[in-house]
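have a look; sequence and predicted model below, questions after that.
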Amino acid sequence: MAKQQKFITKLSQQGFTIQFGYLLKTDKQFHEKGVDVQIAVNILKGAYRNIYDLVYLVSSDSDLLPAILEAQSNGKIVVYVGFKDKLSYALKNSCKKSVILTKDDFHKFSEKTPI
């Protein structure tokens, strides 16, 4: 958790907006909820308010497809950023562009930007 907090702090310092869902405990495990809705709202709000022309989506949640398709129908470019071992073909095939990362890509990034 400490490494995650450090990473979030670094992202915030670089101008990224970090939003959190809420935690729900089921069967002795915690699950973060509400994040997909926040992402969908941000995609649509940005598209309708003309805040962006291109947005990078770092998620493999196919529940976001309606928001992606709506943004793209408004002339926006949605770039799917996915991880090779957890690829969403639905998002890859629906987004205008895709960037597929491997574990090596992430390790290279984390070596250059100490967390």
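Arrived safely, thanks for sending.

any chance you could map the helices in this protein?
With helices called from DSSP state H, the chain shows them at 2-13, 35-48, 65-73, 89-94, 103-112.

nearest to Gln19, of these?
For the helices of the chain, distance to Gln19 was read as Cβ to Cβ. The smallest value, 5.2 Å, belongs to helix 35-48. For glycine as for every other residue, the C-beta is placed from the backbone atoms N, C-alpha and C.

what stretches of this structure score poorly on pLDDT?
By pLDDT under 70, the weakly predicted segments of the chain are 106-115.

run the last query once more with 90
Scanning the chain with the threshold set as pLDDT under 90 gives 1-36, 58-60, 83-87, 101-115.

which one's the longest strand in it?
Secondary structure assigned by DSSP state E gives strand 77-83 as the longest strand of the chain.

partner strands of that one, with direction?
Sheet neighbours of strand 77-83, with direction, are listed as strand 54-58 (parallel), strand 97-101 (parallel) (DSSP bridges).
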